[in-house]
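Trainee: Dropping a prediction and its sequence here:
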Amino acid sequence: MWRLIKFLLFLVVLAALALIAYAYVGPIFFPADFAAPVEEVTKPVTLDVD
């Protein structure tokens with residue numbers, strides 16, 4: 001049972017490291033995945049001045 005818990009803990013640590021590596025290295029290799037959507041938004045604003 002202890003071996004299973006250690007293995008699952010190892011997988012969680014490995015997944016966390018992979019996520020951190022993807023966050024740092026991902027924009028270099030996959031820039032489209034990290035780019036913000038570019039879209040101009042215009043909305044009328046009504047200000048209540050008393």
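Mentor: Nice, thanks for sending it over. Everything numeric in this text was worked out from a predicted model, so none of it was measured. Numbering: from 1, shown residues only.
Trainee: Please count neighbours and contacts with C-alpha atoms only from this point.
Mentor: OK.
Trainee: Can you name every helix or strand that the longest helix seen in the chain contacts?
Mentor: Scanning the chain for the longest helix, with DSSP state H as the assignment, gives helix 2-29. For helix 2-29, the elements it packs on are helix 31-34, judged by 3 or more Cα pairs under 8 Å, 6 or more residues apart in numbering; DSSP states H and E.
Trainee: to the chain's geometric centre, what's the distance from the helix it packs on?
Mentor: Centroid separation between helix 31-34 and its chain, computed with Cα atoms, centre = their mean, to the nearest Å, is 11 Å.
Trainee: Mind giving me the packing neighbours of it?
Mentor: helix 2-29.
Trainee: mean confidence for the helix it packs on?
Mentor: Helix 2-29 carries an average pLDDT of 94.
Trainee: and if you look at stretch 33-40?
Mentor: Mean predicted lDDT for stretch 33-40 stands at 86.
Trainee: Contacts for that stretch next, please.
Mentor: For stretch 33-40, contacts defined as Cα atoms under 8 Å, 6 or more residues apart in numbering pick out Gly26, Pro27.
Trainee: in that stretch, what's buried?
Mentor: By 16 or more other Cα atoms under 10 Å, stretch 33-40 has no buried positions at all.
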